[in-house]
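Peer 1: Next one to model:
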Amino acid sequence: MKATDNGITAPLRAVIAKGKKTLYDGSMDYKQAGVDIEEGYRAVGRYREYTASTMNRAVLNGIGSFAGMFSLKEFFETGKGPARGPMEEPVLVSGTDGVGTKLDIAFRMKKYDTVGIDCVAMSVNDVLCHGARPLFFLDYIACGKLDAAVAADLVKGVAAGCRETGAVLIGGETAEMPGFYDEGKYDMAGFAVGIIDKKDIVDGKKIREGDALIGLASSGLHSNGFSLIRRLIPNLDEDFGGMPVGMALLEPTRLYVKPVLGLMEQVEIRGMAHITGGGFYENIPRMFGGGAGGEARLDPVIREGSWAVPPIFARIAAGIGEAGSRGAEAQRRGAELLNSDPALRKMMFNTFNMGIGFVLALAREDAKKAIEYLDGKGFPAWEIGRAARAGGKASGIRFE
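Peer 2: Residues are numbered from 1 along each chain as shown. Okay, the predicted model is just below:
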């Protein structure tokens, strides 16, 4: 999180001055080229407040250094380490992702403080899939012309996501690139590092035939599919249950770290999947690591109708199937299309999370306990399917 100054400095001007003749006359500098260094300094000054709210004793330096430093010794000794006690063989687990074109919705709605949560969630939820606890997070913001207030709101959301997951916002970068990004356009990405004991890694190899698949509710669309959504819903002021649909689209990605790590202390979780781009079809099969000791191939079987699909997905389905419908009528028609058009339904499940943001595989006898625990933590969950024998080569996800 630093503002880079590659401009001509006062000492350099003195060096190139030749008597009364000065080679540099101030007619062109970095600001005139489109990079406002002072605005960068203002942005970093505002970042400090938010990053400070995520810090702990394991961080050895502050914002402004060339790199962030995190002490694993302090992490374990200050009670921030895993509840299971000292690790025999600590393994670092990393993940990186971006917010994607959901940023366009944020800038059109002039609401910038939620997409930072998406940025954190996309990485820490991935790291969580292997059972890792997030340690720290770094962000990257790029724009055509920097507005310190907008950039600070973006980082405010990042800090909120870090606080909720126990991660430290340890650093990052803000890049102003005039002529490369249009003025008013921003991009945002992040990088998370977590930790787990090697013996506790969740990789799907323990999944057995008959294991239950538990789906945790999403908060909405999360951060995938927006290149399509922006074409289907051009008017962000369209009514959606009493609010502009643009605000519903900006609902940030749910952070599953705390409830899932807590559940790992209660039951054995054998596989996990974060439902992002590619929806059910691409992500749920990824959590299967062979199963049955790697000897038998297993497929996820999803039981349709075992959870309620949120209305926003019906609105999107209507945009695909009946482009002219809007508002409540679009939701009604979209729900009908999802029930009557198998091809549309498959496309939706292959693109969006459809109301399930995270999936766990665990022993069938632990399903009820897991659901009750997650519900009690404010994360609605359902038994949405099972692991079934594929018979030779796995054929992928099935619905029944």
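
Peer 1: May I have the distance across stretch 215-227, first residue to last?
Peer 2: The stretch stretch 215-227 measures 25 Å between its terminal residues, going by C-alpha to C-alpha, to the nearest Å.

Peer 1: the strands in the stretch 1-150 of the chain, which residues?
Peer 2: Listed in chain order, the strands of the stretch 1-150 of the chain (DSSP state E, counting those that start in this stretch) span 17-18, 21-22, 90-98, 133-143.

Peer 1: out of those strands, deepest packed?
Peer 2: Stretch with highest mean neighbour count among the strands of the stretch 1-150 of the chain: strand 133-143 (a mean of 23; mean count of other C-beta atoms under 10 Å). The way it works is simple: take the backbone N, C-alpha and C, and place the C-beta from them, glycine included.

Peer 1: Starting from it, tell me which strands it pairs with and how they run.
Peer 2: Listed by DSSP bridges, the sheet partners of strand 133-143 and their directions read strand 168-176 (parallel), strand 186-197 (antiparallel).

Peer 1: which stretch among those strands comes nearest Ala106?
Peer 2: Closest to Ala106 of the strands paired with strand 133-143, according to C-beta to C-beta: strand 186-197, at 8.5 Å.

Peer 1: Next secondary structure element downstream of that closest one?
Peer 2: Heading C-terminal from strand 186-197, the first helix or strand you meet, by DSSP states H and E, is strand 212-217.

Peer 1: Correct me if wrong: Arg297 contacts Gly396.
Peer 2: No. Look at Arg297 against Gly396 with C-beta atoms under 8 Å: they stay out of range, at 10.5 Å.

Peer 1: Which one's more surrounded, those two?
Peer 2: Between Arg297 and Gly396, Arg297 has the larger neighbour count (other C-beta atoms under 10 Å), namely 16 against 12.

Peer 1: And the pLDDT at that one?
Peer 2: As predicted, Arg297 sits at a pLDDT of 82.

Peer 1: In a markdown table: the strands of the stretch 1-150 of the chain, plus distance to Val359.
Peer 2: Conversion of the strands of the stretch 1-150 of the chain to a markdown table gives the following (distance: least, C-beta to C-beta, whole Å):
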| stretch | distance to Val359 |
| --- | --- |
| strand 17-18 | 67 |
| strand 21-22 | 66 |
| strand 90-98 | 17 |
| strand 133-143 | 19 |
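
Peer 1: biggest helix in the protein, by residue count?
Peer 2: When the chain is scanned for its longest helix (criterion: DSSP state H), the result is helix 148-165.

Peer 1: can you list contacts of that one?
Peer 2: Under the criterion C-beta atoms under 8 Å, 6 or more residues apart in numbering, residues 1, 39-40, 42-43, 45-47, 50-51, 53-54, 112-121, 124, 134, 137, 139, 141, 143, 167-169, 172, 174, 186, 188, 190, 252, 255, 257-258 lie in contact with helix 148-165.

Peer 1: Show me how far that helix is from its chain's centre.
Peer 2: The chain centre lies 13 Å from the centre of helix 148-165; the measure is C-alpha atoms, centre = their mean, to the nearest Å.

Peer 1: now stretch 359-374
Peer 2: Counting by C-alpha atoms, centre = their mean, stretch 359-374 is centred 24 Å from the centre of its parent chain.

Peer 1: Report the contact partners of the residue positioned nearest the centre of the chain.
Peer 2: In the chain, the residue lying closest to the centroid (C-alpha atoms, centre = their mean) is Met122, at 1.7 Å. By C-beta under 8 Å, 6+ apart, the residues touching Met122 are Asp97, Gly98, Val99, Gly190, His222, Ser223, Thr253, Thr276.

Peer 1: now the longest helix of the chain against strand 133-143, angle please.
Peer 2: An angle of 170 degrees separates the directions of helix 148-165 and strand 133-143 when computed by axes from the mean of the first three to the mean of the last three C-alpha atoms, to 10 degrees.

Peer 1: Buried residues in helix 148-165, which are they?
Peer 2: Along helix 148-165, the positions that meet the burial threshold by neighbour count (16 or more other C-beta atoms under 10 Å) are 148, 150-165.

Peer 1: thinking again about what came up before, for the strands of the stretch 1-150 of the chain, which one sits closest to Ala381?
Peer 2: Proximity to Ala381, assessed across those by C-beta to C-beta, is greatest for strand 133-143 (20.4 Å).

Peer 1: Show me where this protein has its helices.
Peer 2: Counting by DSSP H, the segments of the chain that form helices are 10-16, 37-52, 72-77, 102-109, 115-128, 148-165, 226-232, 245-249, 257-264, 279-283, 311-321, 327-340, 342-349, 367-376.

Peer 1: Dump the second one to PDB, restricted to CA.
Peer 2: Think helix 37-52. This file holds the C-alpha atoms of helix 37-52, laid out as PDB (Å, rounded to 0.1, in the frame of the first residue of the first chain):
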ATOM      1  CA  ILE A  37       1.600  11.600  -6.000                       C
ATOM      2  CA  GLU A  38       0.000  13.800  -3.400                       C
ATOM      3  CA  GLU A  39      -3.400  12.100  -3.900                       C
ATOM      4  CA  GLY A  40      -1.500   8.800  -3.400                       C
ATOM      5  CA  TYR A  41      -0.100  10.000  -0.100                       C
ATOM      6  CA  ARG A  42      -3.600  11.000   1.000                       C
ATOM      7  CA  ALA A  43      -4.900   7.600   0.100                       C
ATOM      8  CA  VAL A  44      -2.200   5.800   2.100                       C
ATOM      9  CA  GLY A  45      -2.800   8.100   5.000                       C
ATOM     10  CA  ARG A  46      -6.400   6.900   5.100                       C
ATOM     11  CA  TYR A  47      -5.500   3.300   4.600                       C
ATOM     12  CA  ARG A  48      -3.500   3.300   7.900                       C
ATOM     13  CA  GLU A  49      -6.700   3.600  10.000                       C
ATOM     14  CA  TYR A  50      -8.200   0.600   8.400                       C
ATOM     15  CA  THR A  51      -5.100  -1.600   8.400                       C
ATOM     16  CA  ALA A  52      -4.500  -0.800  12.000                       C
END
